[in-house]
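Visitor: whatever this is, show me its structure:
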Amino acid sequence: MPRYEYRCRTCGSTFEVSRPMAESSAPAECPAGHGDTVKLLSAVAVGGTASAPAAGGGGGGGCCGGGCCG
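Guide: Numbers count the residues shown, from 1 in each chain. Down below sits the predicted model:
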């Protein structure tokens, strides 16, 4: 279930709410009980490892994909 981040305009606290995507725009109440909140735009970081294909791995065309070989 996605988590959405909100900030309370009354007390300034930031909090998260887990809810279905269908309810993403529904109002969220601050943990202190305030109702004047705004949903924040969150950046998503994607991690992992990537590796380049092995040199001479067949079908590549040599240097720079074949563009510099005569």
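Visitor: from what I can see residue 18 touches residue 2, true?
Guide: Yes: using CB atoms under 8 Å, residue 18 makes contact with residue 2 at a distance of 7.1 Å. Every residue, glycine included, has its C-beta placed from N, CA and C.
Visitor: which one's more surrounded, the two?
Guide: A count of neighbours by other CB atoms under 10 Å puts residue 2 above the other of residue 18 and residue 2, at 11 against 8.
Visitor: you'd agree that one is up against residue 22?
Guide: No: taking CB under 8 Å as the definition, residue 2 is not a contact partner of residue 22, at 10.4 Å.
Visitor: can you tell me how far residue 49 is from residue 43?
Guide: Applying CB to CB, to the nearest Å, the value for residue 49 to residue 43 is 21 Å.
Visitor: actually, residue 13.
Guide: Between residue 13 and residue 43 the computed distance is 20 Å (CB to CB).
Visitor: compare these two (neighbour count), which wins?
Guide: Shown here are residue 13 and residue 43; by other CB under 10 Å, residue 13 has more neighbours (13 against 4).
Visitor: can you tell me, leaving aside adjacent residues, what's nearest to that one?
Guide: Counting by CB to CB, 6 or more residues apart in numbering, residue 13 lies nearest to residue 30, which is 6.2 Å off, once chain neighbours are set aside.
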